[in-house]
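Colleague: got a structure for you, letters missing:
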Ligand code: 8YV
């Protein structure tokens, strides 16, 4: 830090007021008051002078961007759980520590997953739109707008980490049977508590589930994990929910299979090319088969304040010369 008194901390997006206030008290904090997403040139400039960078999912801190990092940049304290926006390997190779904000958005993201899981089979948005649309509701009928029951169905969770387990807990309360696929089988006591069945083969699990929920991180190994071939394995009448990352699903293949009726529908909170949304998915959303949300998984005030608190603790601990609690290591990716 040379002769600077406080570390220069560059925050790339607007954070909750209480978080920004505390950061200004503790650090020489450069805020993004009007919240305009940074261009790659802005990011390069910020990285050249900062001691600490606080990016979000909207910043691509790749090897090229890291090439602009100044000598002082020693910590990237990501405001977010997923670190697929950062080339962690390249950062570590330059001696830059990377941290994230795990744990504090688990419950909110699981709630949103459950909301999508309820909304799509029960035709929530279709019904809600009908009440405010041009055609007036003509009254209840026994066979109109029928959806599908959740209770008793099989839910296949891809990624049984913190969020996957929080989804399982909720889903059990709705009477769903829990199945999961994960890189590693979770400890027996967790399986027992969730009454969860482990599938070593993702292909076999996909072919037998009524609902699939994507809850794994996006890494090179999970890019298009749900490829066209795998999506085709899903049952006719099955639904897909994704609150993790868009890159995990081949969106074009998903849209095709929903269009042809091979998959019943999907609830998606994340997209491969955010903020752009695949036009085929948008078309399907107008028919009610797909429900699209603008990356709202962790969008609660409480969650965002907790994330900010984690960022502050990570920075302060690092500046005090200790190992920050949420260090991201290559072995975690
Ligand atoms: C965050 C998320 O809002 O933390 C994550 O991984 O996906 C989001 O819910 C976002 O990443 C903030 O950077």
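Modeller: Yep, it's here. Note that the structure is a prediction, hence the values are computed from the model and not measured.
Colleague: mind checking the longest helix of the chain?
Modeller: Counting by DSSP state H, the longest helix found in the chain is helix 301-319.
Colleague: helices or strands up against that helix?
Modeller: Secondary structure elements in contact with helix 301-319, counted by 3 or more Cβ pairs under 8 Å, 6 or more residues apart in numbering; DSSP states H and E, are helix 17-26, strand 52-54, strand 75-77, strand 97-99. For every residue, glycine as well, the C-beta is placed using N, CA and C.
Colleague: what strands flank the third one, and is each parallel or antiparallel?
Modeller: The partner list of strand 75-77 in its sheet, established with DSSP bridges, is strand 52-54 (parallel), strand 97-99 (parallel).
Colleague: run the chain-centre distance for it.
Modeller: How far strand 75-77 lies from its chain's middle: 20 Å, per Cα atoms, centre = their mean, to the nearest Å.
Colleague: residues in the chain within reach of the ligand, list them.
Modeller: Taking Cβ under 6 Å from any ligand atom as the measure of proximity, the chain contacts the ligand at 56-57, 79-82, 105, 297-298.
Colleague: narrow those residues to those in helices?
Modeller: Of the residues of the chain next to the ligand, none are assigned to helices by DSSP H.
Colleague: among the helices and strands packed on helix 301-319, which comes closest to residue 136?
Modeller: For residue 136, the closest of those is helix 17-26, at 43.4 Å, according to Cβ to Cβ.
Colleague: in the chain, what residue lies closest to the ligand?
Modeller: residue 80 (2.7 Å; Cβ to the nearest ligand atom).
Colleague: what's the neighbour count on that residue?
Modeller: Look at residue 80: counted by other Cβ atoms under 10 Å, it has 21 neighbours.
Colleague: what sits against it?
Modeller: Neighbouring residues of residue 80 by Cβ atoms under 8 Å, 6 or more residues apart in numbering: 56-57, 100-101, 307.
Colleague: circling back to that earlier point, hey, which of the helices and strands packed on helix 301-319 is tucked in deepest?
Modeller: strand 52-54 (a mean of 29; mean count of other Cβ atoms under 10 Å).
Colleague: now do that strand: distance to the chain's middle.
Modeller: Here the centre of strand 52-54 is set off from its chain's centre by 21 Å, with Cα atoms, centre = their mean.
Colleague: got it, and stretch 214-226?
Modeller: So, by Cα atoms, centre = their mean, the centroid of stretch 214-226 is 11 Å from its chain's centroid.
Colleague: with stretch 270-288 instead?
Modeller: 16 Å.
Colleague: mind listing what's buried in that stretch?
Modeller: 270-272, 277-278, 280-281, 284-285, 288 (16 or more other Cβ atoms under 10 Å).
Colleague: same question for stretch 9-17.
Modeller: 9-13, 15-16.
Colleague: what's the most distant pair in those?
Modeller: 10 and 16 (17.4 Å).
Colleague: tell me where the model's unsure across the stretch 151-300 of the chain.
Modeller: Applying pLDDT under 70 to the stretch 151-300 of the chain flags no residue at all.
Colleague: can you give me the strands for it?
Modeller: Using DSSP state E, counting those that start in this stretch, the strands of the stretch 151-300 of the chain run over 154-158, 177-181, 196-198, 211-214, 239-242, 265-268, 290-292.
Colleague: tell me what angle the first one forms with strand 177-181.
Modeller: For the pair strand 154-158 and strand 177-181, the angle between their directions (axes from the mean of the first three to the mean of the last three Cα atoms, to 10 degrees) equals 30 degrees.
Colleague: what does strand 154-158 rub up against?
Modeller: Residues contacting strand 154-158 (Cβ under 8 Å, 6+ apart): 117, 164, 167-168, 171, 176-182, 196, 199, 202, 205-206, 208-216, 225-226, 248.
Colleague: check the offset of that strand from the chain's centre.
Modeller: The chain centre lies 17 Å from the centre of strand 154-158; the measure is Cα atoms, centre = their mean.
Colleague: quick one: strands adjacent to that strand?
Modeller: strand 177-181 (parallel), strand 211-214 (parallel).
Colleague: out of those strands, which one sits most buried?
Modeller: Ranked by average neighbour count under the criterion mean count of other Cβ under 10 Å, those are headed by strand 211-214 at a mean of 27.
Colleague: picking up where we left off before, closest one to residue 123 among the strands paired with strand 154-158?
Modeller: Per Cβ to Cβ, nearest to residue 123 of the strands paired with strand 154-158: strand 211-214, 14.7 Å.
Colleague: circling back: quick check: the residue of the chain closest to the ligand vs residue 88, distance?
Modeller: From residue 80 across to residue 88, the span is 13 Å (Cβ to Cβ, to the nearest Å).
Colleague: mind giving me the domain ranges of the chain?
Modeller: Using automatic domain parsing, the domains assigned to the chain come out as 8-104+300-332, 106-136+147-292.
Colleague: what's the nearest residue to the residue most central in space within the chain if we skip its chain neighbours?
Modeller: Against the mean C-alpha coordinate of the chain, by Cα atoms, centre = their mean, the closest residue is residue 244 at 3.4 Å. Excluding its sequence neighbours, the residue lying closest to residue 244 (Cβ to Cβ, 6 or more residues apart in numbering) is residue 214, at 4.7 Å.
Colleague: the one you found is in contact with residue 243, isn't it?
Modeller: Yes: Residue 214 is within contact range of residue 243, at 7.3 Å (criterion: Cβ atoms under 8 Å).
Colleague: cheers, nothing more for now.
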